[in-house]
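Visitor: Here's my sequence, what's the structure:
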Amino acid sequence: MSPLSQGDPRAVGPFRIAGRLGAGGMGTVYAALDDRDRRAALKRIHAVYAADGDFRDRFAREVRLVRRVRAEGVPRFLAADTRADVPWLATEYVPGPTLDARVRGGGPLPAGFLADFARVTARALAAIHAAGVVHRDLKPGNVILSPAGPRVLDFGIARAAEETALTRTGALVGTPGWISPEQYRGEAATDRSDVFAWACMAVFAATGRGPFCPGTEEGVISAVLSAAPALHGVPGPLRPVLAAALDKDPARRPSAAEAARALPAFPAPAPWAAEPADPASPPADPARQERPEEAVAAAAGLPPADMTGGGATVSPAFGTMRTTAVLLVVVAVAAAASAGAAARANRQ
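Guide: Predicted structure coming up:
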């Protein structure tokens, strides 16, 4: 979490703003406290979207759906105001690193944690889909590894941004490496597109890399469209489920609920809080009573003195709402992949 800047709000609706957790293409995520001192993550939309009536309608529609989701792996909905001058959405605060930060800093998840991660996130997706929501931007930066287990963030909001971007520019919105083949082909994202991204994320959690070649954006897109996924390093019992979820044809992929049921049983892991702590973090002092603002700062790793200015900025606990516009290169790569497949068929 980083300190507030001069232009940041100090209050939004019933929430007091304590600091910044992240910022990206859609808006800014703040650490906040409600009138009962409950910690919250408050996502405030950028002004460019706030001025777009179509986006507001889409955002309001998604909020109505999101508030219905109740699941173990999903942060609890707290409040939203889609009619405010700058629309916002608040969910419960989830402390912990993102999957991306955990794997890049500490390596792949151990087998017991990996199986639990795959199962909890698949069940969270199933609950999201049951509410009529498609996530559309599932990736390691949008999953928090909290002391209570993995939590899926930012579902629902991506749809409003995606439809607005398609209307304005014709561009596909998403993050290369976590986008399904059908989206690259220009088809609409569905729940099975989320399942594809879930499987990519599970491979990353197991191996520290995605299932398709790293390198250039064009190379990743080409591999997603035409190459078999690389599953070496994934524990054998998990491979059949992930291979099915990575099928190029969405109709042949399992649903999120089916994937969760198909995952093999592993010994129950120790509590997620038992994962090794950051050696730079001082031990907790139970005798010290923190003020709520200090508790929010401590959960995100920011010294209390930095809440009002100055000091170093540390990595946010929440994944930012950053998306990448994948432009006409998708069409070119898709055409090349199709031409290559046709040429191979003619030679056979």
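Visitor: What is the three-state secondary structure of the nearest residue to Arg70 once chain neighbours are set aside?
Guide: What sits nearest to Arg70 in space, not counting adjacent residues and going by C-beta to C-beta, 6 or more residues apart in numbering, is Ala127, at 6.8 Å. Just so you know, the C-beta spots here come from the backbone N, C-alpha and C atoms, and that holds for glycine as well. Look at Ala127: counting by DSSP: H, G, I helix; E, B strand; the rest coil, its state is helix.
Visitor: do Ala251 as well
Guide: Under three-state DSSP, Ala251 falls in the helix class.
Visitor: Work out for me the element Gly233 sits within.
Guide: Gly233 is part of no helix or strand, with elements assigned from DSSP states H and E.
Visitor: any idea of the pLDDT on the nearest residue to it once chain neighbours are set aside?
Guide: Spatial nearest neighbour of Gly233, excluding adjacent residues (C-beta to C-beta, 6+ apart): Thr207 at 3.8 Å. pLDDT, Thr207: 96.
Visitor: residues in contact with Thr207?
Guide: Pro108, His232, Gly233, Val234 (C-beta atoms under 8 Å, 6 or more residues apart in numbering).
Visitor: and the longest strand along the chain, what other elements does it pack with?
Guide: The longest strand of the chain (DSSP state E) is strand 15-23. Judged by 3 or more C-beta pairs under 8 Å, 6 or more residues apart in numbering; DSSP states H and E, the packing partners of strand 15-23 are strand 27-33, strand 39-45, helix 292-300.
Visitor: so where is the stretch 101-250 of the chain shaky, pLDDT-wise?
Guide: Low-confidence segments of the stretch 101-250 of the chain (pLDDT under 70): 155-174, 214.
Visitor: One more pass at 50, please.
Guide: The stretch 101-250 of the chain contains residues with pLDDT under 50 at 161, 165-170.
Visitor: Please pick the buried ones from the contacts of Thr207.
Guide: Pro108, Val234 (16 or more other C-beta atoms under 10 Å).
Visitor: Need the contacts of Thr207 in CSV (columns: distance to Glu187).
Guide: Output for the contacts of Thr207, formatted as CSV (distance: C-beta to C-beta, whole Å):
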residue, distance to Glu187
Pro108, 32
His232, 29
Gly233, 30
Val234, 27
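Visitor: ok, so of the contacts of Thr207, who is nearest Cys200?
Guide: Taking C-beta to C-beta as the measure, Val234 is the one of the contacts of Thr207 closest to Cys200, at 11.6 Å.
Visitor: Now do the SS call for the nearest residue to the closest one once chain neighbours are set aside.
Guide: Spatially, and ignoring its direct neighbours in sequence, Val234 is nearest to Ala206 (4.7 Å; C-beta to C-beta, 6+ apart). At Ala206, secondary structure determined by three-state DSSP is helix.
Visitor: Just give the number of residues close to Ala206.
Guide: 25 (other C-beta atoms under 10 Å).
Visitor: That one: what's it in contact with?
Guide: Pro108, Leu109, Leu114, Gly233, Val234, Pro235, Leu238.
Visitor: Ser146 contacts Pro97, doesn't it?
Guide: No: the criterion here is C-beta atoms under 8 Å, and Ser146 misses it with Pro97 at 9.2 Å.
Visitor: Settle it for me: which of the two has more neighbours?
Guide: Pro97 (22 against 19).
Visitor: Quick check, pLDDT for Asp54.
Guide: Asp54 is given a pLDDT of 83.
Visitor: just the one 4 residues further on next, same as before
Guide: According to the model's per-residue confidence, Arg58 sits at a pLDDT of 79.
Visitor: Report how many residues lie close to it.
Guide: Neighbours of Arg58 using other C-beta under 10 Å come to 21.
Visitor: returning to what we had before: between the contacts of Thr207, which is nearest Ala188?
Guide: Nearest member of the contacts of Thr207 to Ala188, counting by C-beta to C-beta, is Val234, at 29.0 Å.
Visitor: Show the backbone phi and psi for that closest one.
Guide: Phi and psi for Val234, reported as degrees, to the nearest 10, are phi -80, psi 130.
Visitor: Thank you, goodbye.
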